[in-house]
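Chemist: 3D, please:
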Amino acid sequence: MSGAFHPLVVIPVFDHEHAIGDVVARIRRHGVDCLLVDDGSSPACAAVLDQLATAPGVSLLRLPVNQGKGGAVIAGLREAARRGHSHALQIDADGQHDADDVPRFLDAARAHPGAVINGRPIFDASVPKARLYGRYATHVWVWINTLSFEIIDSMCGFRVYPLAPTLALLGREHIGRRMDFDTEILVRLYWDGLRVHNLDTRVRYPADGVSHFRVWRDNVLITAMHTRLFFGMLWRLPRLLARKAARR
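Modeler: Got it, this is the predicted structure:
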């Protein structure tokens, strides 16, 4: 990639009015601009976002109806590119990610501007055990669908995207708009030839955190995503094998 490194933090927000203020404050402490993407939040949350967006370095993109986490991130990535940014750092609005790692992730993206800088979560005791162990089914499918262990964890919503190749992918492929987004876009970017650099980052689950994971709906979407990716992997198999051999 050429040109100046010009990142923006993109935060999809849906009814996280109690946590988002602290998340923004911790990010802005590092001097990085933030784009809040209001994904059809309640009036209470919308009012909090309006107030936050009056501060220097914080802006707001409001979606008229809820589009899901993936839909909000996609809207944010497109807006970041429209504003002339080269990279977007995605971070969740609920406070589970360590915003003090933002400079480390951006330094890695500056050093590897054509790669995805992907969070490898280090969980503390607050993580629900069902969520922790349930991630491994997705890990195994991702390793199968990439024929690689390069993506250590595809479900962490803390990562840096190089915008040019990411938006090129989004322009030609339909990516899941809800909880299937984080995994699907990472696998497809890998298929497109992007390297994935994994950085450890602490993740906690706040006791009063708001989760929008819907067990039945989102597990169906994730299962359908793995099925699509598996068949997509089959016709890419020769290219993936050649790539694997070249990297040895």
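Chemist: where exactly do the strands run in this protein?
Modeler: 7-13, 34-39, 58-63, 87-90, 116-123, 159-162, 196-203 (DSSP state E).
Chemist: closest one to D153 among the ones you listed?
Modeler: For these, the distance to D153 is smallest for strand 116-123, at 5.2 Å, taking CB to CB. The C-beta positions use only the backbone N, C-alpha and C, and glycine is treated the same way.
Chemist: Alpha carbons only: can I get the closest one in CSV?
Modeler: Taking Å, rounded to 0.1, in the frame of the first residue of the first chain, the C-alpha atoms of strand 116-123 are listed here in CSV:
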residue,chain,number,x,y,z
VAL,A,116,-4.9,-7.2,9.0
ILE,A,117,-3.8,-6.7,12.6
ASN,A,118,-6.0,-9.1,14.5
GLY,A,119,-6.6,-9.3,18.2
ARG,A,120,-5.9,-12.6,20.0
PRO,A,121,-7.9,-12.4,23.1
ILE,A,122,-6.4,-13.2,26.5
PHE,A,123,-9.4,-13.7,28.7
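Chemist: buried residues in that strand?
Modeler: Judged by neighbour count (16 or more other CB atoms under 10 Å), strand 116-123 contains these buried residues: 116-119, 121.
Chemist: so where's this protein uncertain?
Modeler: Counting by pLDDT under 70, the chain shows low-confidence ranges at 1-3, 125, 127-134, 206-219.
Chemist: now do 90
Modeler: Scanning the chain for pLDDT under 90 picks out 1-3, 123-138, 176-180, 204-228, 235, 239, 242-248.
Chemist: and the longest helix for it?
Modeler: Determined from DSSP state H, the single longest helix within the chain is helix 215-235.
Chemist: can you pull the buried residues of that helix?
Modeler: Neighbour-count burial for helix 215-235 flags 218, 221-222, 225-226, 228-229, 233 (criterion: 16+ other CB under 10 Å).
Chemist: which other residues reach that helix?
Modeler: Residues outside helix 215-235 that contact it (CB atoms under 8 Å, 6 or more residues apart in numbering): 138, 141, 144-147, 176, 178-180, 183-184, 187-188, 191, 240.
Chemist: now swap in stretch 142-151 and tell me
Modeler: Residues outside stretch 142-151 that contact it (CB under 8 Å, 6+ apart): 118, 154, 183, 186-187, 190-191, 195-196, 198, 226, 229-230, 232-233, 237, 240-241, 244.
Chemist: Give me the distance between the two termini of it.
Modeler: 8 Å (CA to CA, to the nearest Å).
Chemist: Make a markdown table from the strands of the chain and add distance to A47 to it.
Modeler: Formatted as a markdown table, the strands of the chain follow (distance: least, CB to CB, whole Å):
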| stretch | distance to A47 |
| --- | --- |
| strand 7-13 | 12 |
| strand 34-39 | 11 |
| strand 58-63 | 12 |
| strand 87-90 | 24 |
| strand 116-123 | 30 |
| strand 159-162 | 29 |
| strand 196-203 | 28 |
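Chemist: Excluding chain neighbours, what is closest to A44?
Modeler: E17 (5.5 Å; CB to CB, 6 or more residues apart in numbering).
Chemist: Alright, calling it a day.
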